[in-house]
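Asker: heads up, no residue letters with this:
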């Protein structure tokens, strides 16, 4: 696995790229993560696939400018990276926030999404841990520097170093993510990203009303049965909405099943890719689906012909 850096729209983007000439996997990490958040599973998958795992803007080794941290912006960034790398289409694997981005990617760029793998994905319901909801509260950007700075990071490393060998892989991922908040630019990017998808009530961005658009794609849901960030109930609900989807619940795993059990994760994803056909909607199929969506929309009328008495209510 090698790290590459590309310049996109005036900003540096870092990515892990490697593997064979096999099917392409685009792996999108979650909030406070990086391409490394897929852990040893990256190397396992690279044995039989071409793997592209970017550090999304504002995360990891990528640049952290002020700007747009919405799902749509991240999806466009992922598309542009694939174009630069000469990739026409890929199986999109998204973890947590990355799952929401994967759903947005399939919605915006259906010609480039062959399959979807959603791993403890965001964007499927309101539930999310209270700690993440707290980031959306007024003044969070002023509180975070007091909690996460270079002094607290150094102290935390001294305390945790002796415990490192006993730290569960998923917990280590959380600690690693929190460690990045000692950097001011990373903190600012974290707040912008969190507020783009969360509010004090939980997740405020939902793909539920457009899930039917994914019916034509092979969909695999992988979830940790002990996830306390986004409950496994979201996976079961989506599985019921998409009867053709596959569901794999790792009973003993938390929010990071890909690092809690990387061998099983890689095997499940590889089997999914091997046993499903590449599915990219043709232009005619895309138009038919959009036409169906429009037929289900509220009837529009010409504003020039509307009088007050014609308005509802």
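Answerer: Thanks, I have it. What you see is a predicted model; the values in this text were computed from it and never measured.
Asker: how far is stretch 54-72 from where the chain is centred?
Answerer: With Cα atoms, centre = their mean, to the nearest Å as the basis, stretch 54-72 stands 12 Å off its chain's centre.
Asker: meant to ask about stretch 86-98
Answerer: For stretch 86-98, the distance to the chain centre is 9 Å (Cα atoms, centre = their mean).
Asker: mind checking the pLDDT average for that stretch?
Answerer: Stretch 86-98 comes out with an average pLDDT of 96.
Asker: same question for it: list its buried residues.
Answerer: Applying a neighbour-count criterion of 16 or more other Cβ atoms under 10 Å, one finds 89-98 buried in stretch 86-98. For every residue, glycine as well, the C-beta is placed using N, CA and C.
Asker: which of those residues sit farthest apart?
Answerer: Distances among the buried residues of stretch 86-98 were taken as Cβ to Cβ; the most separated pair is 89 and 96, at 23.3 Å.
Asker: with adjacent residues omitted, what lies nearest to residue 232?
Answerer: The spatially closest residue to residue 232, leaving aside those adjacent along the chain, is residue 223, at 4.7 Å (Cβ to Cβ, 6 or more residues apart in numbering).
Asker: bridging residues for the one you found?
Answerer: Beta-bridge partners recorded for residue 223 (DSSP bridges): residue 249.
Asker: please name the residues that touch it.
Answerer: 119-120, 232, 234-235, 247-250, 257 (Cβ atoms under 8 Å, 6 or more residues apart in numbering).
Asker: tell me how far the ends of stretch 116-133 are from each other?
Answerer: From its first residue to its last, stretch 116-133 covers 27 Å (Cα to Cα, to the nearest Å).
Asker: give me the most central residue, the protein.
Answerer: residue 98 (0.6 Å; Cα atoms, centre = their mean).
Asker: now the one helix or strand that one maps to: how far from the chain's centre is it?
Answerer: In this assignment (DSSP states H and E), residue 98 forms part of helix 97-108. Offset of helix 97-108 from its chain centre (Cα atoms, centre = their mean): 7 Å.
Asker: how about that helix: buried residues?
Answerer: By neighbour count with 16+ other Cβ under 10 Å, helix 97-108 contains the buried residues 97-107.
Asker: partners of the helix or strand that it is followed by, with directions?
Answerer: Later in the chain than helix 97-108, the nearest helix or strand by DSSP H and E is strand 113-119. If you go by DSSP bridges, strand 113-119 pairs up with strand 90-95 (parallel), strand 219-224 (parallel).
Asker: residues in contact with the longest strand along the chain?
Answerer: Using DSSP state E, we find that the single longest strand of the chain is strand 11-19. Residues from elsewhere that reach strand 11-19 (Cβ under 8 Å, 6+ apart): 1-7, 35-36, 42, 45-55, 57, 60-63, 65, 77, 81, 85.
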